[in-house]
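**Student:** model this:
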Amino acid sequence: MKFILAFYLGLFAEMGPALVAEERLVLCPAGLANFSSKFTTGVTVTVDATKAGAFSTHSCEASLSWSKDVIPVAQESQEIDIDAMGANLGMNIPWSPFK
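**Tutor:** You can find the predicted model right below:
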């Protein structure tokens, strides 16, 4: 039993660097990028740098908009990302989770 435990501990110790998660780029890191996409339903998802007058700050904001309505999702965040665009989870409505 000790041999098997030692074997697996040694195996995972050797594989440790290979098991590290891949670093993923985000849509808006520190206000340095923007993204906008319109669904077929007419709802637009926007991720952009937070503005201070005419200048961008080092933070991000996200919003959902349709017609003349705008709902802020996040404001003055260090980074914003969208996990899935228009995913249908069986509720017959598309959705987009922000993080």
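
**Student:** CA only for contacts and neighbour counts going forward, please
**Tutor:** Fine.

**Student:** so where do the helices sit in this protein?
**Tutor:** Applying DSSP state H to the chain gives helices spanning 2-15.

**Student:** just checking, which helix or strand of it averages the lowest pLDDT?
**Tutor:** Considering only helices and strands, the least confidently modelled element of the chain by mean pLDDT, DSSP states H and E is helix 2-15, at a mean of 50.

**Student:** poorly predicted segments of the protein, please.
**Tutor:** 1-24, 93-99 (pLDDT under 70).

**Student:** now do 50
**Tutor:** Per-residue confidence for the chain (pLDDT under 50) gives these ranges: 5-6, 8-11, 15.

**Student:** can you mark which positions in the longest strand anywhere in it are buried?
**Tutor:** Counting residues, the longest strand in the chain under DSSP state E turns out to be strand 55-66. Judged by neighbour count using 16 or more other CA atoms under 10 Å, the buried positions of strand 55-66 are 58-64.

**Student:** what of stretch 43-52?
**Tutor:** For stretch 43-52, burial by neighbour count (16+ other CA under 10 Å) applies to 44-50.

**Student:** so which of the residues you listed sit within strands?
**Tutor:** Using DSSP E, the members of those that fall in strands are 44-50.
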